[in-house]
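K.L.:
just coords:
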C-alpha cells in the first residue's frame, strides 16, 4: 500500500504524505458495532492532569473489535474499514446466521473471502487457530497471553510475529521487537501479517494535523527556566547538567527501565528485545 505525496504548494505540504487507502472498501462504520468514546484530555477522576499534552481532537466512536474469535461459524468479509482508534485497518465479517463482527484486517484479506476460527481451520491469512495447531515458522498476529482472554500482542499496523517451535505444552514466539517468549499452546493466534504495512512511512507534515489527533504541543525542558524544569537554565544552549535526562519532577526518563524486576512473567521471556 503506497503513500500519497503532495506538491509543495505550502511548507506544510512539502513533506506531508498520507496513506493511499487502497485497502479500504467500506467507508461507513457498522452502527451496531459502535460505542461512545469519552474524552478526558489526560485528566483523572479528580480533574487533574495525569498525562500531559492531550486535548482537543476530532470526535471519535469506538469500534467493538472481536479479539477472541470464538465464533466457529464461517464468516464472510463484507468490507475493510478505517479505524480512528488504531493504526491497523479493520475488516467487517458476517457469519452464516447474519451476526456481524470486526477483526483487525490482515494483509491480503479482501471482500467476499470466507474466514474460519477453530482448531481445524486452514493456514491462510485471517483464520484463527490454537497455537498448537499452527505449523512452525508461520507468521501470526493477534496472539493471546491467556486462553480465552482475546488477542493482546501484535495488533498494530504492519506487525507480525513468528512461531519458532513447541515443547512441553508451550510455544516459543518471536515478537516484532525481537523478544523471544513462551506462550501456552492452547492460546489462539491469527494467521498472517497485520495490514496497513506502510503506516510508519506516513509523515504528519503540519502541527494542525497533530491537534486533530488530540495531541497538544510539547515544550523541551532545556528551553525552560530552572524553576520550571530540571533541564532548564544556563547561558544559551546548555547541557542538562545531570547524569541522565529526567521528567519535570526529577524522575529518570528516556531509557529508564520501569518493568518490575520481580515480574511474574519473567520466566516466560527467553530473550529480551534489547539483549545482544
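P.N.:
Yes, it's here. Since this is a predicted model, take the numbers as computed values, not measurements.

K.L.:
C-alpha only now, for contacts and for neighbours.
P.N.:
Fine.

K.L.:
low-scoring stretches of the stretch 101-250 of the chain, by residue?
P.N.:
In the prediction, the stretch 101-250 of the chain carries no residues with pLDDT under 70.

K.L.:
need the strands for it, in chain order.
P.N.:
Applying DSSP state E, counting those that start in this stretch to the stretch 101-250 of the chain gives strands spanning 114-115, 128-130, 139-141, 143-144, 151-153, 161-167, 170-174, 180-184, 188-191.

K.L.:
Show me what the last one is packed against.
P.N.:
Pointing back at strand 188-191 there. Using 3 or more Cα pairs under 8 Å, 6 or more residues apart in numbering; DSSP states H and E as the contact test, the elements touching strand 188-191 are strand 128-130, strand 139-141, strand 143-144.

K.L.:
Note down every partner strand of that strand and its orientation.
P.N.:
Next to strand 188-191 in the sheet, as set by DSSP bridges, lie strand 128-130 (antiparallel), strand 139-141 (antiparallel).

K.L.:
As a markdown table, these with mean neighbour count and distance to residue 36 would be great.
P.N.:
Formatted as a markdown table, the strands paired with strand 188-191 follow (neighbours: other Cα atoms under 10 Å; distance: least, Cα to Cα, whole Å):
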| stretch | mean neighbour count | distance to residue 36 |
| --- | --- | --- |
| strand 128-130 | 25 | 28 |
| strand 139-141 | 27 | 27 |
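
K.L.:
can you redo those strands as JSON lines with distance to residue 83?
P.N.:
Compiled in JSON lines, the strands paired with strand 188-191 are given as follows (distance: least, Cα to Cα, whole Å):
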{"stretch": "strand 128-130", "distance to residue 83": "21"}
{"stretch": "strand 139-141", "distance to residue 83": "18"}
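
K.L.:
Domain-wise, how is this protein divided?
P.N.:
According to automatic domain parsing, the chain comprises the domains 25-200, 222-276.

K.L.:
Of all the strands paired with strand 188-191, which one comes closest to residue 56?
P.N.:
Among the strands paired with strand 188-191, the nearest to residue 56 by Cα to Cα is strand 139-141 (32.1 Å).

K.L.:
Deepest-packed of the strands of the stretch 101-250 of the chain, please.
P.N.:
Ranked by average neighbour count under the criterion mean count of other Cα atoms under 10 Å, the strands of the stretch 101-250 of the chain are headed by strand 188-191 at a mean of 30.

K.L.:
Check the gap between the closest residue to residue 162 other than its chain neighbours and residue 35 for me.
P.N.:
Using Cα to Cα, 6 or more residues apart in numbering and skipping residues adjacent in sequence, the residue nearest residue 162 is residue 139, 4.5 Å away. Distance, residue 139 to residue 35, using Cα to Cα, to the nearest Å: 32 Å.

K.L.:
cool, residue 101 as well?
P.N.:
13 Å.

K.L.:
Comparing these two, which residue is more hemmed in?
P.N.:
Neighbours per residue (other Cα atoms under 10 Å) separate residue 101 from residue 35, with residue 101 holding more: 23 against 12.

K.L.:
buried ones in stretch 23-43?
P.N.:
Neighbour counts over stretch 23-43 (16 or more other Cα atoms under 10 Å) mark 23-24, 29, 41 as buried.

K.L.:
Quick one: end-to-end length of it, please.
P.N.:
36 Å.

K.L.:
so the closest residue in space to residue 176 that isn't next to it in sequence bridges to which residues?
P.N.:
Computed as Cα to Cα, 6+ apart, the closest residue to residue 176 that is not its neighbour in sequence is residue 161, at 5.6 Å. Beta-bridge pairing for residue 161 (DSSP bridges): residue 140.

K.L.:
re the thing from before, and of the strands paired with strand 188-191, who's closest to residue 168?
P.N.:
strand 128-130 (15.2 Å).

K.L.:
all helices of the stretch 1-150 of the chain, in order?
P.N.:
11-15 (DSSP state H, counting those that start in this stretch).

K.L.:
Kindly report the same for the stretch 151-276 of the chain.
P.N.:
207-212.

K.L.:
Farthest from the middle of this protein: give me that residue.
P.N.:
Using Cα atoms, centre = their mean, the residue of the chain lying farthest from its centre is residue 235. It sits 41.8 Å away.
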